[in-house]
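>>> Sequence and predicted model, in that order:
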Amino acid sequence: MTWASHLPIIVVLIPLLTAYITPMLGWMDKRICNPLVIVSTSFAFIASLLLARSVLTRGVISYHMGGFAPPFGIALVVDYFGAYMCIVISFLTLMAAIYSREYIAKELHESKTAPYYTLLMLMTGGMMGASVTGDLFNMFVFFEILSISSYALVAITGKKVAILASYKYLLLGAIGTSFTLVGIAYLYILTGTLNMADLSVRLASLYGVGRSSWTLLVALAFFMVGYSIKAALFPLHTWLPDAHSMAPSSISAVLSGILIKVGALALIRVLFNIFQPEFVVETIPVTSMISWMAAVAIIVGSLFAISQVDLKRMLAYSSVAHIGFIILGVGLATGYGTTGGILHIFNHAMAKGCLFLCAGAIIYKTGLRNIDDLAGLGNKMPFTMAAFTIAALSMIGIPPTAGFISKFYLGLGALETGTWSGWVFIGAILLGSLLTAIFYMRVINNIYFKEPLHREDVQRDETPLGMLIPILILAGGCVIFGIFPRIPLSLAEPAAKLLLGI
Amino acid sequence: MVNFGFLLGHYNYWAVVVLFLIGLYAMIVKKNLIKKFMGLNIMDTSIFLFYISMGDVEGGVSPIIAHGGGSDVIYVNPLPSVLILTAIVVAISTTALALSLIIKIYEEYGTLDSDRLVELM
Amino acid sequence: MKIIPSIFILFIGVMLAAAVAGMPEFGDPNSPANTHIVPYYRENSLEETGVTEIVTSIVVSYRGYDTFGEVTVIFTAGTGVIALLGRK
Amino acid sequence: MIIISCLPVIALLSPLIGGIIAYQAGKISETARDLISIVAAIVSFIVIVAMVPTILNGNTIEYSFYYTAISTLPIAFRVGPFPLFLGLVISFAWILSAVYSHRYMERLHSRNRFCLFMSLTLSAVIGTLFAKNMFALFIFFEITLFTSYVLVIHEETPEAMAAGKKYLFLGLATGLVMFFGILLVYLQVGTLDLGKRGILDGVHGNILYVILFTLLVGALFKAGMFPLHVWLHSAHPIAPSPASAVLSGVVVKEGCYVMIRILYDIFGVNLLKTMLVSNWLVLLGGLSIFFGSAMAIRQHDLKTMLAYSTVSKVGYIFLGAALLTPTGLQGAMVQIFHHLLAKSALFFCAGALIYKAGIRDIDQMAGIGKKMPITMMVFTIAALSMIGVPPLVGFASKWYIVLGALEAGRPLAIGFGLVLMLSSLMNAIYFIPIIINAFFTGESEHGEHKEVRPDDVPLSMAVPMVILAIGIIVFGVLSATTSVVVIKPTVNAMMGL
């Protein structure tokens, strides 16, 4: 038993314990909070990388909490997908934490600094915990940690609209929570277990057997609805545009970049780890149902994004579309498709994180939120805007950015199904990509090719370095992982294969 | 036609379903934000009831192992109780946050009527 | 105005009823929930944890991690409330 | 023999890096910026020249980045004869364009940006030429769209933005269609390698037609072929003239190049023959020739006219390639080279007229030949080549295409002969009056160039134009030699003979 074998719990405990210390230290001196959080997330990031390495070398890790064997105690199960999510989560949170130092000082009242960082760490811990757990009820608990902290973070600015957005988010989120709780109860009453691996074994004997299969289906439906709310899958996305656009930008980046992906993770766990792929793909075509929903999400989300005037709201609607890409890939349930969906989690996290951080930088420097007012920013903030452009191109899926690779895999996955619906899905992917181009090119054109209204708009006034660094790292990532996509693929591909059992 | 034995055998569950629906209905239809959350709490409570019900065993006693208790003693299922402890705490936490949000909303907007709030937004 | 929510509620109700139909009877000692894992707790919890009350032994030992999460949830909500309502 | 060498990568990277350095240098000194970008283009040219002996000896140069892209689809480069010689001409034309733009651009804004994106476009075009597989090719193909978009909208006027929008979104849409085709190919055969002629051999059924259609849509859009030309006549004229020259001269050729690779490397001659699509493609080419010429006749704006003329010339290239005969392909290739030279020269001339006399309209050109003799001489040579007057290179291309049509069969040859005569006539209709007007008519009263002193363009603009004109003559005279040395072996290799 070396320390390395405890990595699954370490990645969860680092942020959570930091969250417990932060208020105490913040009470002494508020300036300590930020370095503490940065250090802690860096450690979490390193731990996630180590975790991924040990998963890659030794296969799926099962960690028994308190030494109690799985069906009786809680087991943490880290497969390729879980390790992959941990890396994405800790990486993006690290970027947001670095960014927060200067951004939060201006955006938030001083008294809220400590709660802000505490909640950020709790949210990270919640996401980490939900990613590595192998227990259904435990996932629920960690989902609540991340949900409640995100409700609070959306409203933390105390602005009128933000509070209402948070309330709306909370209301829907609470419904989602209740629905998943019902789903857990149904599965428990049928099988008597909460462990995912055990559940999948015991459920296999119940498929299509008498009336208990009704309960099974209803449980599945409740899970789908509950986690779709958390993942903001169309048509349950209604909370997202308000919440993501009203939150502080660093939080928007985390919410849009990864939090909704954790919802997608839960969907994937329910579909492929608890219910078996054969059941959800063939017996009852749940996956093709959610694929259709995702295809609609892509189109509708993009169309809504086109009609937005507020930059952050546009980005939020774009997230609705892109969660559609992810879920579509998952729902295709083919090797390429699911790999593409999982890969897009990472690529979208980088691109959308970068975009929201850039939007935050624009608001920080100029106070502008309206897309039409952004003229002249290309000269004013050249680096920020260059990063914005790269990330936007990645969202559109222009080579050689990372978005192109996920588009490639998703497209292959859609065609691989070999059915007519696959052709519809690829139509949705390509059309979604084109629609995405429409609203991002509008912003880019405004930034670079439009005369600014005021002369002083063209004075060089770059984002402070502390905020610029994470922006540039994320934008650089969009390009680097587009040229060297094998790095994320080395985890995403086995993850998809393991989930699908192929 | 109707299998009364079946209906009666699940009577707790039917109560849960009814409670759940009442809660959900209140949550969707009521205009007052606090009433919406009362609806949520009703819904959550119905789920708690459901957990407790499914742990029940005919003639079971509370799961405390008496000294030297034989294996013939029937205990009720302890696991749902454990789960529900956690779930209750979660529900309370959500409600606490929701109520503080509602306080803020009332401070800022001066109303708790959801239609009015949509207008003011 | 209230027709659409009512239809929605009715739909959920039908689903819930269908689910109930597939469940074991109330208080059935042979239901999977009562036979799969629980006997292990009844037999081993005393010697493994030294607690006579099985609920407590599960809360703090077998599912202690959940309880840690539960405490964290309270902590989260507390921090959230402070962040929202704390001194200006 | 395959030789591993990083020369293609250097040829690709030198404009890229040079462009970025030039952009930074431009903030300090404009001359330094232009010098750097010229040097970058020259380096690229020299590197390509350095590959010539290897290729002429019958070798291929390859280079691939391991760990890039996806398992079987690395970003890799392979240089064969056809890409090499096209690259040679393109990078040479680029040097001329960079020299030309030094003085031309001084009256326009955002010169640094223009310089940067010119270099980036060159880089992307070279990447497209040298790509080893369709995946890498598509990557560079799409990059070209974005970099050239910035060139199109350079003026940032509402018309330029509208033209750019049309170009960009149609380009994206057709690019996505092409992407779809690439996915189909990959799923069918599991490879996208362009080295084997006809990777789709062994695939049957309607899927082939879907693939052909989708792939060609992307390539023909960039080439500006008839039904997909709708962006060309608004995007090319609106760009600054050096950019128009490279857009019409080079970026369009990139589309033609991709089209030829699709036809000959992905499908292969044999497969296309069994698919019986040749006649339809030839018909499409003929339509493009007609339509482009007909629209060109109606134009009054010189640059718009030239843009429509491009549509018609692309029709020749497509037609020659679609004949699926060695001589036809040879004609298409010569036409690529010819049009690259001639259209660049023509756009340079148009730019010179705008620069010196502010003339955009054909009617205003009366008597301009006396004031700007060099410009109009170059214009005349290029125009005559476009019409297909014998010693010039344009004639050679038409000659080969006719021969190719004869090889393909008599009805086709007769039909094509008619098309050719008619289109040559139409070319003459829109070019000859301009020349006559410029040289033999007195000045028109409403010409804006009255105050222009009887001098010609500055040296840095005149030299590129003259070099191009000389090129047109020399290659025309030597067309027999060049085709034997360079083009014939290439064609044979591509046809699998």
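Alright, I've got the coordinates.
>>> give the contact list for residue 49.
No chain specified, so I'll use chain A. By C-beta atoms under 8 Å, 6 or more residues apart in numbering or on different chains, the contact set of A:Leu49 is A:Ile87. Every C-beta, even on glycine, is put in place using the N, C-alpha and C of the backbone.
>>> hmm, I had chain C in mind actually
C:Thr49 touches C:Ser57, C:Val60, C:Ser61, C:Tyr62, counting by C-beta under 8 Å, 6+ apart.
>>> The second one in helix, strand or coil?
Reducing the assignment at C:Val60 to three states with DSSP: H, G, I helix; E, B strand; the rest coil gives helix.
>>> before we move on, back to that, output the contacts of C:Thr49 in TSV, with distance to chain B, neighbour count and pLDDT appended to each entry.
Shown next, in TSV, are the contacts of C:Thr49 (distance: C-beta to the nearest C-beta, whole Å; neighbours: other C-beta atoms under 10 Å in any protein chain shown; pLDDT from 0 to 100):
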residue	distance to chain B	neighbour count	pLDDT
C:Ser57	8	24	83
C:Val60	10	15	84
C:Ser61	11	21	83
C:Tyr62	8	26	85
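>>> Run through who's touching the host helix or strand of D:Met386.
Element membership for D:Met386 (DSSP states H and E) is helix D:373-387. Residues from elsewhere that reach helix D:373-387 (C-beta under 8 Å, 6+ apart): D:309, D:313, D:338, D:341-343, D:345-346, D:348-349, D:352-353, D:356, D:368-369, D:392-395, D:424, D:427-428, D:431-432, D:434-435, D:438-439, D:456-457, D:462, D:465-466, D:468-469, D:472-473, D:476.
>>> In strands, which of those fall?
The strands, defined by DSSP state E, take in nothing from the contacts of helix D:373-387.
>>> Is there a quick ChimeraX command that grabs whichever of those residues are buried?
In ChimeraX, a selection of the buried entries from those looks like this (16 or more other C-beta atoms under 10 Å in any protein chain shown):
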select /D:309,313,338,341,342,343,345,346,348,349,352,353,356,368,369,392,393,394,395,424,427,428,431,434,435,438,439,456,457,462,465,466,468,469,472,476
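>>> Near chain B, list only the ones from the contacts of helix D:373-387.
Contacts with chain B within those, counted by C-beta under 8 Å from any C-beta of the partner chain: none were found.
>>> Which ones among the contacts of helix D:373-387 lie within helices?
Among the contacts of helix D:373-387, the residues falling in helices (DSSP state H) are D:309, D:313, D:338, D:341-343, D:345-346, D:348-349, D:352-353, D:356, D:368-369, D:393-395, D:424, D:427-428, D:431-432, D:434-435, D:438-439, D:462, D:465-466, D:468-469, D:472-473, D:476.
>>> what number of residues lie near D:Ala357?
Residues lying near D:Ala357 (other C-beta atoms under 10 Å in any protein chain shown) number 20.
>>> you'd agree it is up against D:Gly369?
No: using C-beta atoms under 8 Å, D:Ala357 is not in contact with D:Gly369; the gap is 11.6 Å.
>>> Most widely separated two among the contacts of C:Thr49?
Farthest pair in the contacts of C:Thr49 (C-beta to C-beta) is C:Val60 and C:Tyr62. Separation: 8.4 Å.
>>> secondary structure element for the residue sitting nearest the centre point of chain B?
For chain B, B:Thr45 is the residue whose C-alpha lies nearest the centre (C-alpha atoms, centre = their mean; 1.7 Å). Using DSSP H and E, B:Thr45 sits in helix B:33-55.
>>> before we move on, what about A:Met139?
Applying DSSP H and E, one finds A:Met139 within helix A:136-155.
>>> Can you confirm whether that helix lies near chain B?
Yes: applying C-beta under 8 Å from any C-beta, one finds helix A:136-155 touching chain B at A:Phe137, A:Phe140, A:Val141, A:Glu144, A:Ile148, A:Tyr151, A:Ala152, A:Ala155.
>>> Next, the contact list for the nearest residue to the third one once chain neighbours are set aside, please.
Among residues not flanking A:Val141 along the chain, C:Gly69 sits closest, at 3.7 Å (C-beta to C-beta, 6 or more residues apart in numbering or on different chains). Taking C-beta under 8 Å, 6+ apart as the contact definition, C:Gly69 lies against A:Gly129, A:Asn138, A:Val141, A:Phe142, A:Glu144, A:Ile145, B:Thr86.
>>> Confirm that C:Gly69 sits in a strand.
No: using three-state DSSP, the assignment for C:Gly69 is helix, not a strand.
>>> pLDDT averaged over the helix or strand containing A:Ala351, what's the number?
Using DSSP H and E, A:Ala351 falls within helix A:335-366. Averaged over helix A:335-366, pLDDT sits at 91.
>>> Which helix or strand lies directly C-terminal to that helix?
Next in sequence after helix A:335-366, counting helices and strands by DSSP H and E, comes helix A:377-380.
>>> Could you check how far that next one is from the centre of its chain?
How far helix A:377-380 lies from its chain's middle: 30 Å, per C-alpha atoms, centre = their mean, to the nearest Å.
>>> same question, stretch C:40-54
20 Å.
>>> rewinding a little: quick check: of the contacts of C:Thr49, which lies closest to B:Leu112?
C:Val60 (40.3 Å).
>>> Could I get the contacting residues of the closest one?
Applying C-beta under 8 Å, 6+ apart, the residues near C:Val60 are C:Thr49, C:Val51, C:Thr67.
>>> Repeat that for B:Ser114.
B:Lys31, B:Asn32, B:Leu33, B:Lys36 are the contacts of B:Ser114 under C-beta under 8 Å, 6+ apart.
>>> Would you mind writing the ChimeraX command to select the buried ones in those residues?
Buried members of the contacts of B:Ser114, defined by 16+ other C-beta under 10 Å, are picked up in ChimeraX with:
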select /B:33,36
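>>> so which of the contacts of B:Ser114 comes closest to A:Ile473?
A:Ile473 has its nearest neighbour among these in B:Leu33, at 41.2 Å by C-beta to C-beta.
>>> Identify the residue nearest that closest one in space, chain neighbours excluded?
B:Leu112 is the one closest to B:Leu33 (C-beta to C-beta, 6+ apart), at 4.6 Å.
>>> Hmm, that neighbour is touching B:Ile105, no?
Yes: with contact defined as C-beta under 8 Å, B:Leu112 reaches B:Ile105; the gap is 6.8 Å.
>>> Need the residues touching each of the two.
B:Leu33.
>>> In terms of neighbours, single out the busier of the two.
Neighbours per residue (other C-beta under 10 Å) separate B:Leu112 from B:Ile105, with B:Ile105 holding more: 22 against 16.
>>> if you look at the helix or strand that the more buried one is a member of, does any of it touch chain C?
According to DSSP H and E, B:Ile105 maps onto helix B:78-109. Yes: Helix B:78-109 is in contact with chain C by C-beta under 8 Å from any C-beta, via B:78-83, B:85-86, B:89-90, B:92-94, B:96-97, B:100-101, B:103-104.
>>> Does anything pack onto that helix? Which helices or strands?
Applying 3 or more C-beta pairs under 8 Å, 6 or more residues apart in numbering or on different chains; DSSP states H and E, one finds that helix B:78-109 makes contact with helix A:136-155, helix A:160-191, helix B:33-55, helix B:114-120, helix C:38-49, helix C:54-57, helix C:64-85.
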